[in-house]
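*Asks:* Quick one, structure for this:
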Amino acid sequence: VVDHRRKALRAGDPLPADGPAVEESSYRAESDEAFAAAWRAELIARAWAGLAEQERQTGQPLHAVLRLRTDEPGLSGAEMAGRLSAALGRAVDANWVRKRLHHARTRFAELLVAEVRQTLDNPDPGAVAEELIAVGLYEYCRPVLEAGGGGAG
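*Replies:* Numbering: from 1, shown residues only. Model (predicted):
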């Protein structure tokens, strides 16, 4: 379904011989934007689920750290450390939080890239980048793509 929709977006529909082309074009743009937004939300949800699963399997609280930063972006490192210490049942400091947050963001981007790769017929780096651009996630994932990361691992 995703591949079919991508092909339709790239090919474009021929303009009608008569009729309100502007309205159809406007409708198509809105439909494309809605599809991209829904697909972006799905990719992000899958990456969150993957990060949570990795936390369950490894015990590394990457999901907890990134979720706290996402939910409470105004917290300082020390405030995050206090909340995470209570949640984890062990003392952590702001430096620990900073390192885990960096690792969590990288892993989240890797999971996003891996999700996109799984949906493509030809998951070469160019196609993955193109898809990430289309859904507005490329800049977030660019460092991972440049490093050659984002596998299923």
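
*Asks:* need the next SSE after the longest helix seen in the chain, C-terminal direction.
*Replies:* Ordering each helix of the chain by length in residues (DSSP state H) puts helix 21-58 first. Scanning forward in sequence from helix 21-58 by DSSP states H and E, the next helix or strand is helix 62-71.

*Asks:* What count of nearby residues applies to the residue lying closest to Arg67 once chain neighbours are set aside?
*Replies:* Leaving out its chain neighbours, the residue that sits closest to Arg67 by Cβ to Cβ, 6 or more residues apart in numbering is Trp48, at 7.8 Å. All C-beta atoms are positioned from the backbone trio N, CA, C, and that covers glycine. Around Trp48 there are 17 other residues, counting by other Cβ atoms under 10 Å.

*Asks:* Ala64 is in contact with Trp48, correct?
*Replies:* No: the criterion here is Cβ atoms under 8 Å, and Trp48 misses it with Ala64 at 11.8 Å.
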